[in-house]
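1. Give me a model of this one.
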Amino acid sequence: MKATRFDALDALRGLAMVWMTLFHFSFDLNQLGWMAQDFYRDPFWTWQRVAIVSLFLFCAGFGQAVASAQGQSWQRFWKRWAQVAGCAMLVTAGSWLMFPNSFIYFGILHGMALMLIVLRLTAHWGRWLWLLGALAIASKFIAAHALSIWASGQFVDILNSPVLNWLGWITKKPITEDYAPLFPWLGVMWWGAAAGGWLLNPANRTPGGRVGLILSRSLPKTGHGLAVLGRWSLSYYMLHQPVLIGVLTGLAWLRAL
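-> Numbers count the residues shown, from 1 in each chain. This next block holds a predicted model:
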């Protein structure tokens with residue numbers, strides 16, 4: 001089956017990119033001392049990050065449902081996966097140069113590389129993905145409660161260490177600039193895949209026709225730019241921070257003259 005792009009999905013992903021850019025722009029201003037905000041503890045910023053990551057991963061899960069429905073080959077899947085995994089390694093290297101004491105070893109791209117494999121194997125599970133997603137999200141809070149009972153001990157220490165903290169079943173957040181563990185974020189991707197599978201299922205109909213037609217509707221002019229951005233989300237993700245940091249650093253240098 002020929003691959004089809006859905007502008008509505010691309011625009012939603014593009015919206016996540018714009019929101020992320022504004023967030024990172026504010027973070028960079030804070031790093032340069034041009035504003036004073038606590039990005040690590042202030043709910044205004046921490047919940048924004050949760051919302052941005054949720055939207056991005058929901059779109060990623062939805063995209064896997066589309067790829068599955070269109071019969072994406074394993075060869076094409078692994079090509080895209082290698083791009084994500086390779087970019088994750090570049091993020092690790094770049095963050096180590098900037099933040100050697102809190103570099104990114106399991107951020108959003110690292111998590112996606114692992115979760116994409118899980119989604120590839122489960123995207124056809126239909127409505128079960130709603131339940132799996134709920135269990136994956138709930139497991140983080142269940143584990144946190146259970147581990148609080150055993151507040152110490154070798155088992156808890158191992159779960160909190162880099163050896164296993166990529167699972168997300170921890171009692172303390174690791175010191176790193178970005179952290180996107182398997183749980184609960186796999187649950188968000190599963191919900192995205194479940195939503196995509198439901199919308200693309202010919203059996204789901206509305207009075208106006210197939211629900212899947214929502215994805216094929218034309219976007220208003222304001223949405224076209226977001227759709228283009230959404231199609232190049234990985235490239236944009238990798239370039240936006242170096243550009244922002246470069247521009248702001250240049251402005252800081254000019255101000256100091």
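2. CA only for contacts and neighbour counts going forward, please
-> Noted.
3. Excluding sequence neighbours, find me the nearest residue to residue 64.
-> Among residues not flanking residue 64 along the chain, residue 193 sits closest, at 6.3 Å (C-alpha to C-alpha, 6 or more residues apart in numbering).
4. What is the burial count for the one you found?
-> Neighbours of residue 193 under the rule other C-alpha atoms under 10 Å: 34.
5. Could you check how far residue 86 is from residue 9?
-> 24 Å (C-alpha to C-alpha, to the nearest Å).
6. likewise residue 36?
-> Relative to residue 9, residue 36 is positioned 35 Å away (C-alpha to C-alpha).
7. Looking at those two, which is more packed in?
-> A direct count of neighbours by other C-alpha under 10 Å for residue 36 and residue 9 places residue 9 higher, at 21 against 12.
8. how much space between the more buried one and residue 59?
-> Going from residue 9 to residue 59 by C-alpha to C-alpha gives 7 Å.
9. and what of residue 243?
-> Remark: distance between residue 243 and residue 59 (C-alpha to C-alpha) = 25 Å.
10. got the contact list for residue 73?
-> The contact partners of residue 73, by C-alpha atoms under 8 Å, 6 or more residues apart in numbering, come to none.
11. To clarify, my last question referred to residue 9.
-> 59, 63, 215, 227, 230.
12. Return the set of buried residues in whichever strand or helix holds it.
-> Using DSSP states H and E, residue 9 falls within helix 7-31. Under the neighbour-count criterion of 16 or more other C-alpha atoms under 10 Å, helix 7-31 has 7-17, 20-21, 23-29 buried.
13. can you give me the angle the helix or strand just after that helix makes with helix 7-31?
-> Sequence-wise, the next helix or strand downstream of helix 7-31 (DSSP H and E) is helix 43-69. Using axes from the mean of the first three to the mean of the last three C-alpha atoms, to 10 degrees, one finds that helix 43-69 and helix 7-31 are set 150 degrees apart in direction.
14. same for helix 43-69, what does it pack against?
-> Contact partners of helix 43-69 among helices and strands, from 3 or more C-alpha pairs under 8 Å, 6 or more residues apart in numbering; DSSP states H and E: helix 7-31, helix 108-122, helix 182-200.
15. Hmm, residue 109 is touching residue 92, no?
-> No - here residue 109 does not reach residue 92: they are 9.9 Å apart, not a contact under C-alpha atoms under 8 Å.
16. So the two - more neighbours on which side?
-> Comparing residue 109 with residue 92 by other C-alpha under 10 Å, the one with more neighbours is residue 109, at 24 against 18.
17. mind listing what the more buried one touches?
-> 84, 85, 87, 88.
18. now do residue 183
-> The neighbourhood of residue 183, defined by C-alpha under 8 Å, 6+ apart, consists of 136, 137, 139, 140, 167, 168, 169.
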